[in-house]
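> pasting the structure only:
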């Protein structure tokens, strides 16, 4: 991987302290004192990763108060000018911004998307932290009050840069070291009205109002991750992430379908002695190949020709996937709540309405904190969150549609492992990690397409 520089552009001393602690933990220290970062503008190198903090004049006024998006964009580019020109590698920026109140509208209310686009056009990936997201004092005796917002943003920053703390897992047998694990994520916005942060004109060969397509490939047993950039092919994930976030490439159905086929075939040609397992998100990809539907004519992507690829359909939508529920007796009246147990299982349905499919069932991390899940009931959440899933058990369906050179049971085990061992945090995933990574980049897109899309969220 190329040299990586982490930049924190902040406005308040509290945010600097929070990001310092989060960076120290990421880079191997147990506390901020273990890795003392120098004064603003001074670069510190830790295990080959450069870290620098910046807070230029005017940071408080620009980053923590409403303002014109174009002014914020210009100021941000000037603030990071030395990082843009001095680093021959990947730059990842953590940027402090003001919290956006519900109901705020317009570019001036939320500059994050404008900043993300402007820096992505220059090859910089970004994540954001709000000065109002600091953790409250712990209210549960014995429970530590952790700064989850700073930790999550820091892990997401490394993910955006393509840097991971652990190898991508492989099962004990059947899928060898170096096998390419590919995730293809497709989303189609509900309406054709572009976001305020989307580019007004679609580039040649794309279609406004069409499909967004993103592909990520990870190498089994290593920490290598690539992304597919249509104009450049397979490149390191950090570079592909910036390229994806800098444009609004939306494709017609035929072009989106061909893009996925072409990308996987290019990967197989480049690595002619490797096989691949391709995870296709059912919500987006089933409209391209009816072999991904429950009942269809078995049409599958052309890249399966040559028998070097497996195809695994992944489905997570509540309206398609059974919801797990407890079948035991209710606790006695007046008994105290206990810490929820953990579930980590690959199961089949006893009565197979989904022949051959297997399901990964896991416990959301929030369920493992005493009392935290109680904030998610229909009596306590805000009205706009009533449509979201309650923090019950997660369930993901895997269906091997083409095993290729592999054995189906090994592919199911692989799929569950890729959900169980998240590449950037200690929790579990609803999607196998290559598909999760592809989706995460789409979710970060300045156009905000994933929040207003079919078959997701």
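Done, it's in. These numbers were taken from a predicted model, which means no experiment stands behind them.
> Strands of the protein, start to end?
All strands of the chain, identified by DSSP state E, fall at 3-9, 44-46, 49-54, 89-97, 124-130, 180-187, 212-219, 225-229, 233-236, 276-281, 309-315, 344-347, 358-362, 394-402.
> tell me the contacts of residue 95?
Going by CB atoms under 8 Å, 6 or more residues apart in numbering, residue 95 touches 8, 9, 10, 63, 76, 112, 115, 126, 127, 128, 129. To be clear about C-beta, it is placed using only N, CA and C from the backbone, and glycine gets the same treatment.
> just the buried members of those residues?
8, 9, 10, 63, 76, 112, 115, 126, 127, 128, 129 (16 or more other CB atoms under 10 Å).
> List the buried residues of stretch 295-314.
For stretch 295-314, the neighbour count (16+ other CB under 10 Å) marks 300, 301, 303, 304, 308, 309, 310, 311, 312, 313, 314 as buried.
> now, which of those sits nearest residue 39?
Nearest to residue 39 among the buried residues of stretch 295-314, counting by CB to CB, is residue 314 at 47.1 Å.
> tell me the contacts of that closest one?
Residue 314 makes contacts with 279, 280, 281, 282, 396, 397, 398, 415, 431, 432, 435, as judged by CB under 8 Å, 6+ apart.
> Pull the contacting residues for the third one.
So the one you mean is residue 281. Per CB under 8 Å, 6+ apart, neighbours of residue 281: 183, 184, 185, 186, 314, 315, 431, 435, 439.
> The last one too?
The contact partners of residue 435, taken as CB under 8 Å, 6+ apart, are 183, 184, 185, 216, 279, 281, 314.
> how about TSV for the strands of the chain, with mean pLDDT and distance to residue 148 added?
Below are the strands of the chain laid out as TSV (pLDDT from 0 to 100; distance: least, CB to CB, whole Å):
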stretch	mean pLDDT	distance to residue 148
strand 3-9	93	18
strand 44-46	89	23
strand 49-54	94	21
strand 89-97	92	15
strand 124-130	94	11
strand 180-187	97	25
strand 212-219	97	25
strand 225-229	97	24
strand 233-236	96	28
strand 276-281	97	27
strand 309-315	95	26
strand 344-347	80	21
strand 358-362	84	19
strand 394-402	90	18
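> To residue 149, which of these lies closest?
Ranking those by proximity to residue 149 (CB to CB) places strand 124-130 first, at 6.4 Å.
> Relative to the whole chain's centre, how far out is the closest one?
The chain centre lies 13 Å from the centre of strand 124-130; the measure is CA atoms, centre = their mean, to the nearest Å.
> can you list contacts of it?
Outside strand 124-130, the residues that touch it by CB under 8 Å, 6+ apart are 15, 18-19, 80, 83-84, 90-99, 112, 115-116, 119-120, 149-150, 153-154, 156-157, 160-161, 238, 241-242, 245.
> okay, now the domains of this structure?
Following automatic domain parsing, one gets these domains for the chain: 3-161, 180-324+339-452.
> ok, back up a step: what I need now is the contacts of residue 281 written out in CSV, including distance to residue 403 for each item.
What follows is the contacts of residue 281, written out as CSV (distance: CB to CB, whole Å):
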residue, distance to residue 403
183, 18
184, 18
185, 22
186, 23
314, 15
315, 18
431, 20
435, 18
439, 24
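> Among these, which one sits closest to residue 254?
Out of these, the member with the shortest distance to residue 254 (by CB to CB) is residue 186, at 13.1 Å.
> The closest one: neighbour count?
Neighbourhood size, residue 186 [other CB atoms under 10 Å]: 31.
> hang on, the earlier thing: among the contacts of residue 281, find me the one that's closest to residue 221.
Of those, the one sitting nearest to residue 221 (CB to CB) turns out to be residue 183, at 16.8 Å.
> and that closest one, what is it in contact with?
So residue 183 contacts 215-217, 278-279, 281, 431-439 (CB under 8 Å, 6+ apart).
> and it, what are its bridge partners?
residue 216, residue 279 (DSSP bridges).
> quick check: mean pLDDT across stretch 444-457?
Confidence for stretch 444-457, expressed as mean pLDDT, is 65.
> Report how many residues lie close to residue 421.
15.
> what residues are up against it?
Counting by CB under 8 Å, 6+ apart, the residues that residue 421 touches are 166, 169, 433.
> what's the burial count for the last one?
In this case it means residue 433. 26.
> which residue sits closest to it, ignoring its sequence neighbours?
Nearest non-adjacent residue to residue 433, counting by CB to CB, 6 or more residues apart in numbering: residue 418, 4.6 Å away.
> Isn't the one you found up against residue 434?
Yes. Counting by CB atoms under 8 Å, residue 434 is a contact partner of residue 418 at 7.0 Å.
> Now list whatever residues contact both of those two.
By the contact definition CB under 8 Å, 6+ apart, residue 418 and residue 434 are jointly contacted by 168, 181.
> neighbour-wise, which of those two wins?
Counted by other CB under 10 Å, residue 418 and residue 434 do not tie: residue 418 has more neighbours, with 31 against 26.
> how far away is that one from residue 360?
9 Å (CB to CB, to the nearest Å).
> Next: residue 47.
33 Å.
> Between these two, which has more neighbouring residues?
Set residue 47 next to residue 360 and count neighbours by other CB under 10 Å: residue 360 wins out with 27 against 6.
> Who wins on neighbours among the contacts of residue 314?
Greatest neighbour count in the contacts of residue 314, by other CB under 10 Å, goes to residue 435: 30 neighbours.
> Could you measure from that residue over to residue 165?
19 Å.
> what's the answer for residue 235, then?
To residue 165, residue 235 is 22 Å away according to CB to CB.
> Could you pull up the residues touching residue 268?
Going by CB under 8 Å, 6+ apart, residue 268 touches 274, 276, 303, 306, 308, 309.
> contacting residues for the nearest residue to the fifth one once chain neighbours are set aside?
Right, residue 308. Excluding the flanking residues, the one nearest residue 308 by CB to CB, 6+ apart is residue 275, at 4.9 Å. By CB under 8 Å, 6+ apart, the contact set of residue 275 is 176, 179, 180, 308, 309, 310, 404, 405, 406.
> any chance of these in a markdown table, plus distance to residue 253?
Below are the contacts of residue 275 laid out as a markdown table (distance: CB to CB, whole Å):
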| residue | distance to residue 253 |
| --- | --- |
| 176 | 35 |
| 179 | 30 |
| 180 | 26 |
| 308 | 26 |
| 309 | 22 |
| 310 | 24 |
| 404 | 25 |
| 405 | 30 |
| 406 | 29 |
